[in-house]
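Visitor: Test case, fold it:
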Amino acid sequence: MENHAEVLVVDDDPMVAEVVTAYLTRAGLRVRRAADGPSAVASAEAHLPDLVVLDLMLPGLDGFEVYRRIRELGPVPVIMLTARGTEGDRVRGLELGADDYVTKPFSPRELVLRARSVLRRAHPAPPEEQETPPVPEIRTIGDLTLDAAGRRAVKVGETLTLTSREFDLLGFFADHPGQVFTRTELLQHVWGWEFGDESTVTVHVRRLREKIEDDPHHPRLIATVWGVGYRFDAPDALDTPDAEDNP
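Guide: This next block holds a predicted model:
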């Protein structure tokens, strides 16, 4: 899927758009371009891409509004690309459900690597092409059901609206119950990053708790181990004494 994926690049800076397009094309991806918010939405409506690389500073509609409108069309992964470097913008983008966030100036090669990582997780290879044994397609964890093939999570009969990265994070936690992972380790295992902003993990854990926990302010599935990181507690081991709540 990755080598045949189509990427919609949305940026009003022609030079940036050309560089991003050149590197993604050289990596074997098909690229469409849009230079403003309305054009980006119209392009996605005409044909939903496999990935959107989205600048936040756009004429017509800003990147946040473009993101919301495109995500209403389907669960397409999004990498936000912007000159804004403030933590507030980064956190806002992640809270909306963006899969990644790259701040200008950036390395085009790094952007390609991140695009490949997002595409691999959003469109995993068929089981017969995977190098490692696949996890069971359907898993039940308490009142949660995870469908790996359909990339769906269901809680008490209700399908949860998880982003691609939230599903990856939940799946990773479910694969490693009782193990503690630092934010850096989660960035490496779930995002595929050797370095990055650890607030990315914090925001995704908070969003995931809001969707899977009965009381997100007193989580019982995703426990905080203070000074270390996070641990996923299986339903039959929820009363472990060192589990901490994370506000």
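Visitor: drop to CA atoms for contacts and neighbour counts, all remaining ones
Guide: Will do.
Visitor: What residues sit buried inside the lowest-mean-pLDDT helix or strand in the chain?
Guide: Ranked by mean pLDDT, DSSP states H and E, the helix or strand of the chain with the weakest confidence is helix 87-96, at a mean of 72. Within helix 87-96, the residues that count as buried by 16 or more other C-alpha atoms under 10 Å are R90, V91, G93, L94.
Visitor: Which secondary structure elements does it sit against?
Guide: Under the contact definition 3 or more C-alpha pairs under 8 Å, 6 or more residues apart in numbering; DSSP states H and E, helix 87-96 sits against strand 100-103, helix 199-212.
Visitor: ok, of these, where does mean pLDDT dip lowest?
Guide: Mean pLDDT values for those show the minimum at strand 100-103, a mean of 82.
Visitor: residues of that one that come out buried?
Guide: For strand 100-103, a neighbour-count test (16+ other C-alpha under 10 Å) marks D100, Y101, V102 as buried.
Visitor: And those, which is closest to V228?
Guide: For these, the minimum distance to V228 (C-alpha to C-alpha) is 23.4 Å, reached by D100.
Visitor: hmm, who's touching stretch 60-80?
Guide: 36-38, 40-41, 44-45, 48-57, 93, 96, 98-102, 115, 118-119, 122, 163-164 (C-alpha atoms under 8 Å, 6 or more residues apart in numbering).
Visitor: and if we set it to 6 Å?
Guide: The contact list for stretch 60-80, computed with C-alpha atoms under 6 Å, 6 or more residues apart in numbering, reads G37, D50, L51, V52, V53, L54, D55, L56, A98, D99, D100, Y101.
Visitor: so what's the last one up against?
Guide: Contacts here follow C-alpha under 6 Å, 6+ apart; on that basis Y101 touches I79, M80.
Visitor: Looking at the contacts of stretch 60-80, which are in strands?
Guide: When those are checked against strands (DSSP state E), the matches are L51, V52, V53, L54, D55, D100, Y101.
Visitor: Quick one, which of these are buried?
Guide: L51, V52, V53, L54, D55, D100, Y101.
Visitor: would you list the residues you listed in TSV and tack on distance to D233?
Guide: Compiled in TSV, these are given as follows (distance: C-alpha to C-alpha, whole Å):
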residue	distance to D233
L51	33
V52	34
V53	35
L54	36
D55	38
D100	27
Y101	29
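Visitor: any idea which of these is closest to V19?
Guide: Out of those, the member with the shortest distance to V19 (by C-alpha to C-alpha) is V53, at 12.6 Å.
Visitor: Check whether the closest one really touches V7, as I assumed.
Guide: No - counting by C-alpha atoms under 6 Å, V53 sits too far from V7 to count as a contact (7.1 Å).
Visitor: follow-up on the earlier one: identify, from the buried residues of strand 100-103, the entry nearest to L186.
Guide: D100 (14.0 Å).
Visitor: Good, wrapping up.
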